[in-house]
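Trainee: Fold the following and give me the result.
(one chain, ligands or ions: 1)
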Amino acid sequence: MKKIFVINGGQIFEHSGGKFNKTIFEASLKFFSAEQDFEVRSTDINESYDPAQEVENYVWADVVIYHTPIWWFHVPYGLKKYIDVVFTEGHQKGIYTSDGRSSENPAINYGTGGSLHGKQYMVTSSWNAPETAFTLPGEFFNERSVDEGVLFGFHRMNAFTGMKALEGIHFHDVEKNADMVRDLDRYTAHLNKIFIPEVYENEPVFDRNN
Ligand SMILES: Cc1cc2nc3c(=O)[nH]c(=O)nc-3n(C[C@H](O)[C@H](O)[C@H](O)COP(=O)(O)OP(=O)(O)OC[C@H]3O[C@@H](n4cnc5c(N)ncnc54)[C@H](O)[C@@H]3O)c2cc1C
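Mentor: A predicted model of the protein is given here:
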């Protein structure tokens, strides 16, 4: 039985209505609840949460899934606050013990003091930016991918805890050209590919190359 902890970071503010991320979050819950091999817990950062319980959720989980929109090239402040509060609560209580260095040689081993080794995480993100802003020469992101560019710090943060990344999925141009049916199809195909590869191999999916 694989334990999955799903976090909805889709904060509701101004022109980010949170609906897209909430829909993807609910798709995660539905997917894992329907499969016998998974146990699922979840947190929505728009609701109140107990930091100690959230630490326990990280410690309990085999896989943590983050759903987040991108705001000013970062995760929204509600999700950032959640991480600051929960990871600080988890210092020496299950998230990390130290920065990993020793006084004998402080130049090395930074970032190796996490307590979540053996666990994995996955991130989905939503953007106003079209995918081409990352892929076309001369466009805004200088041909850097979401993961290697904007989310680099987010991935290092998770590495600091000891978790390893599973391949994520990113949704572009959702403000002006969202297509929820297509994106839910893409997301379900992605979940099958990552978590139940034997199903993915046998089922037609929307677009494997996308
Ligand atoms: C402060 C701020 C900073 C931002 N900075 C950036 C930035 O740096 N880069 C960038 O690219 N973008 C940026 N954005 C845009 C932001 O990434 C998007 O607003 C966000 O990804 C949308 O996600 P959401 O969950 O809030 O979706 P929503 O805004 O709730 O939904 C988006 C659209 O999806 C459709 N939709 C959602 N759910 C459903 C459903 N169940 N059924 C049918 N249709 C649905 C609707 O058409 C809706 O209009 C910023 C936004 C804000 C508020």
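
Trainee: Let me know whether Glu35 touches Ile196 as I believe.
Mentor: Yes - using Cβ atoms under 8 Å, Glu35 makes contact with Ile196 at a distance of 7.0 Å. (Glycine included, C-beta is placed from N, CA and C.)

Trainee: Let me see the contact set for the spatially most central residue of the chain.
Mentor: By Cα atoms, centre = their mean, the chain has its centre lying nearest to Val123, at 2.2 Å. The contact partners of Val123, by Cβ atoms under 8 Å, 6 or more residues apart in numbering, come to Ile65, Tyr66, His67, Thr68, Leu151, Phe154, His155, Ala165, Gly168.

Trainee: swap the cut-off to 7 Å and go again
Mentor: Tyr66, Thr68, Leu151, Phe154, Gly168 (Cβ atoms under 7 Å, 6 or more residues apart in numbering).

Trainee: measure it to Gly10 for me?
Mentor: 13 Å (Cβ to Cβ, to the nearest Å).

Trainee: what do these two both touch?
Mentor: Common neighbours of Val123 and Gly10, using Cβ under 7 Å, 6+ apart, are Thr68.

Trainee: quick one on the thing from earlier: would you mind checking which of the contacts of Val123 is nearest to the ligand?
Mentor: Comparing the contacts of Val123 against the ligand with Cβ to the nearest ligand atom places Thr68 closest, at 8.3 Å.

Trainee: The closest one pairs with what?
Mentor: With DSSP bridges applied, Thr68 shows beta-bridge pairing to Ser125.

Trainee: start the count at 151, not 1, going forward
Mentor: All right, first residue 151 from here; so that's Thr218.

Trainee: quick one: it and Gly159 touch, right?
Mentor: Yes - contact between Thr218 and Gly159 holds when scored by Cβ atoms under 7 Å: they sit 3.7 Å apart.

Trainee: Give me the common contacts of those two.
Mentor: Both Thr218 and Gly159 are contacted by Asn171, Val225, Pro226, Leu229, under the criterion Cβ under 7 Å, 6+ apart.

Trainee: And for the second one, the neighbour number?
Mentor: Other residues near Val225 come to 26 when the count uses other Cβ atoms under 10 Å.

Trainee: What parts of this structure come near the ligand?
Mentor: Those residues of the chain that sit near the ligand, judged by Cβ under 6 Å from any ligand atom, are 160, 163-171, 173, 219-223, 276-279, 324-325, 328, 330.

Trainee: Output the lowest mean pLDDT helix or strand found in the chain.
Mentor: Lowest by mean pLDDT, DSSP states H and E among the helices and strands of the chain is helix 347-352, with a mean of 69.

Trainee: For Tyr216, what is the enclosing helix or strand?
Mentor: Assigned by DSSP states H and E, Tyr216 belongs to strand 213-219.
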